[in-house]
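1. Kindly return the folded structure for what I paste below:
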Amino acid sequence: MPSPKAPRPSGPKDGPKDGQAAGSAAGTGRRPTLMDVARRAGVSRATASLVIRDAPGPSAESRERVRAAAAELGYRPDQAAQSLRRRNSRLIGVMFSAQESFHADLIESVYAATEEVGYDVVLSAVVPSRSERRAVEALMASRCEAVILIGAREAWPADLGIQVPVVEIGRPPTQTVFDAVHTADDEGARLAVNHLVSLGHRDIVHVDGGERPGAAERRAGYLAAMRDHGLGAGRGWCPATTPSTPVPRPPTPCWTRAPCPPPSWPAAISAPSDSSSS
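-> Presented below is the predicted three-dimensional model:
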């Protein structure tokens with residue numbers, strides 16, 4: 001008569017081994033899911049979901065177990081899936097130029113402002129091989145609830161503002177159909193010239209930005225200040241055109257592309273940024 005088989009060692013039937021998710025994401029290379037967290041914590045998926053969303057209902061003990069399980073498994077909520085369920089993404093899209101260092105400073109401030117109200121930021125860069133239109137299309141595909149256009153140069157149809165709220169930074173309100181945040185570039189150029197004149201300088205050259213946002217206003221402010229001080233039309237230098245930063249020469253005879261030759265080096269320079277003056 002055959003002897004009975006030895007009984008299997010007793011232990012938890014469904015519980016995970018140490019360091020391993022029940023189900024399981026551990027050791028498989030896949031991303032842990034909410035169900036993995038629920039099994040690890042010994043609660044239902046619904047309870048785990050309430051804890052992750054910080055919604056009312058679960059007990060303090062259940063919350064502690066779920067949070068501990070999520071930390072052990074390295075679980076992170078799927079933001080895309082959550083936004084689909086909520087029907088809103090809580091994302092702000094930002095189109096910017098990768099060639100403009102000033103845009104990075106603006107983006108840092110955008111992050112700070114959006115985090116205060118519970119939103120996150122999606123960035124989409126404009127580079128020589130990627131147009132503004134392509135950058136904005138990517139933001140729309142990411143289901144951004146609003147879009148910020150930094151330093152836009154293309155003309156945008158008004159219907160973009162019907163799809164989502166749009167704000168432009170850099171272009172004057174008179175040159176866009178959207179809400180705009182714009183510095184007083186003409187007044188800034190005037191103040192720069194006034195300061196240089198107060199230091200005793202008379203031959204002041206302006207570094208021009210061609211058709212970049214704000215360049216026309218800065219040029220007008222510079223010329224007006226030079227006239228106010230009786231210094232004539234002034235001189236301007238438009239940096240040489242490159243494939244990545246096309247800067248057309250302004251249609252003013254006294255403005256040149258090349259740097260001033262040594263005999264006519266200016267006494268002072270008015271420039272819109274550190275990079276343009278270097």
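2. mind listing what's buried in the one helix or strand residue 225 maps to?
-> Element membership for residue 225, per DSSP states H and E: helix 215-228. For helix 215-228, a neighbour-count test (16 or more other Cβ atoms under 10 Å) marks 215-219, 221-226 as buried. C-beta coordinates here come from the backbone N, C-alpha and C atoms, glycine included.
3. Just send those residues back as TSV, with pLDDT and distance to residue 163 too.
-> What follows is the buried residues of helix 215-228, written out as TSV (pLDDT from 0 to 100; distance: Cβ to Cβ, whole Å):
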residue	pLDDT	distance to residue 163
215	81	30
216	82	29
217	85	30
218	87	33
219	87	35
221	90	36
222	89	39
223	89	40
224	90	40
225	91	42
226	90	44
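4. Reformat the residues you listed as CSV; add distance to residue 147.
-> CSV is the format used below for the buried residues of helix 215-228 (distance: Cβ to Cβ, whole Å):
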residue, distance to residue 147
215, 24
216, 25
217, 24
218, 26
219, 29
221, 30
222, 32
223, 35
224, 34
225, 36
226, 39
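5. just curious, which of those is nearest to residue 159?
-> For those, the minimum distance to residue 159 (Cβ to Cβ) is 26.8 Å, reached by residue 216.
6. was I right about residue 47 contacting residue 56?
-> No. At 11.9 Å, residue 47 does not count as touching residue 56 under the criterion of Cβ atoms under 8 Å.
7. Please say which of those two ends up with more neighbours.
-> Neighbour count, other Cβ atoms under 10 Å: between residue 47 and residue 56, residue 47 has more, with 19 against 6.
8. now that one, nearest residue through space, not along the chain?
-> Spatial nearest neighbour of residue 47, excluding adjacent residues (Cβ to Cβ, 6 or more residues apart in numbering): residue 58 at 5.2 Å.
9. now that neighbour: how far from residue 66?
-> According to Cβ to Cβ, to the nearest Å, residue 58 stands 7 Å off from residue 66.
10. What about the closest residue to residue 160 other than its chain neighbours, how many residues nearby?
-> Leaving aside its chain neighbours, residue 160 sits nearest to residue 166 (5.8 Å; criterion: Cβ to Cβ, 6+ apart). Per other Cβ under 10 Å, the neighbour tally for residue 166 reads 23.
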